[in-house]
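Peer 1: Kindly generate the corresponding structure for this input.
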Amino acid sequence: MKKYDFDEIVPRKGTNCLKHDALETFFKSKDLLPLWVADMDFKTPDFIVEAIKKRAEHEIFGYTFRPDSYFEAIINWMKRRHNWEIKKEWISFSPGVVAGLTFAVESFSKPGDGVIVQPPVYFPFFDSVKGTKRKMIENPLKIENERYTFDLEDLKSKIDKNTKLLLLCNPQNPGGMVWTREELVALTDICLENNIMIISDEIHSDLIFGDHKHIPLASISEEVAQNCMISMAPSKTFNVAGLTSSMVIIPNKTKLARYDRTIGVGHLGMGNIFGSIALEAAYTHGDEWLEQLLDYLWANFQLVNDFMKARLPRVKVMNLEATYLVWMDFTDYGMKNDDLMKFLLENAGVALNDGGRFGTGGDGWLRINIGCQRSVLQEALNKLEKAFG
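Peer 2: Model (predicted):
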């Protein structure tokens, strides 16, 4: 068994890397420790790099199609990792998970229709709704037992005859929740009763900790499977976001045809050679690498959680069930959102995600990306203590 070294520092500056090279664009300063945008600072696994190199040796990169082995890799991964049996004919393509969400909104609703979002949530959800001229219906999450859960009574009160879709973040970003079967059943029951289709972003579904189990939405029941679309990718799991290759899974034949028409208009269904190569390699050879990654990330989370309890007890850290993104409550400092970010950047010199961008309930919170070397994470925590302690 190969042992992977997640402590190795891999310089990323000068590679047109958004996380490191675009700091001045987003934060007006280059001199920051970047723990913000959701990619990892670990090397992409060797089996993916080797597969890409092997294909690159051919030196012709013309039009290609995705072979049966590509679909088999997806099908087998879903069975091994999530105990979910899917079929080749359910699988379609998207250049990215957010793109897939937007294509779904375009495919399954019309301008003016209501689309439910559940903030605080991954902020591109808002763009997928507003940018397509749909009506955004907010159903904010509520905190119970130190984790988010659905506010189902609020949801029921906001549904009307023009409400067509619900965008679900499963697992939840930024809160790091793995929705339980009971939570998902309660949510899907309401949607089924009101003929609301669910678009489920499951990009973080492989990054699950402890005894928690990711439940693909379509696996709940046949009725739910016929009323949803699932968007997934290897990009977060294997650090290949720059290869822009995701898949959508739609068990309903009619809905799949509607989605395929939408991406077909823009000739977006082909994807790119290296994205397909990477996906197949990841889902074929990635199990052991992923297990080692999860162990490393969990130790990183424990470092953050223990550090805050001991050194910055005014900061409340939400327990991490999934993702490598940790949601931290700084509201006890009493700063408005803009003031908090200004103080963070000027005094700590650490670039984190502004909680306010995640919508209702996010003000006064910060999101930290722990997908980095432990030495870097420790440096960031020390900087936070110096500023906020």
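
Peer 1: just the helices in the stretch 151-300 of the chain please.
Peer 2: Secondary structure of the stretch 151-300 of the chain (DSSP state H, counting those that start in this stretch): helices at 152-158, 181-193, 222-225, 235-238, 253-265, 273-285, 287-311.

Peer 1: Show me what counts as buried in the longest one.
Peer 2: Of the residues in helix 287-311, 289-290, 292-294, 296-297, 300-301, 304-305, 307-308 count as buried by neighbour count, 16 or more other C-beta atoms under 10 Å. C-beta here means a position set from N, CA and C on the backbone, and glycine is covered the same way.

Peer 1: Can you name the next helix or strand after that helix?
Peer 2: strand 316-317 (DSSP states H and E).

Peer 1: Can you list the helices and strands that that next one packs against?
Peer 2: Helices and strands touching strand 316-317, by 3 or more C-beta pairs under 8 Å, 6 or more residues apart in numbering; DSSP states H and E, are helix 287-311, strand 325-329.

Peer 1: Let's have these in TSV, adding mean pLDDT.
Peer 2: Converted to TSV, the helices and strands packed on strand 316-317 look like this (pLDDT from 0 to 100):
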stretch	mean pLDDT
helix 287-311	98
strand 325-329	98
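
Peer 1: circling back to that earlier point, if we compare the helices of the stretch 151-300 of the chain, which one ends up closest to residue 204?
Peer 2: Of all these, helix 235-238 sits nearest to residue 204, with 5.7 Å by C-beta to C-beta.

Peer 1: And for the closest one, what's in contact with it?
Peer 2: Contacts with helix 235-238, where a contact means C-beta atoms under 8 Å, 6 or more residues apart in numbering, come from 38-39, 44-45, 48, 96-97, 203-204, 206-207, 241, 243, 245-246, 278, 282, 286, 289-290, 293, 323-324.

Peer 1: Would you map the strands across the stretch 1-150 of the chain?
Peer 2: Assigned by DSSP state E, counting those that start in this stretch, the strands in the stretch 1-150 of the chain fall at 33-34, 91-94, 114-117, 135-138, 142-144, 147-149.

Peer 1: Walk me through which strands the fourth one pairs with, and which way each runs.
Peer 2: On the basis of DSSP bridges, the sheet neighbours of strand 135-138 come out as strand 114-117 (parallel).

Peer 1: Return the members of the contacts of helix 235-238 classed as buried.
Peer 2: The neighbour count (16+ other C-beta under 10 Å) marks 38-39, 44-45, 48, 96-97, 203-204, 206-207, 241, 243, 245-246, 278, 282, 286, 289-290, 293, 323-324 as buried among these.
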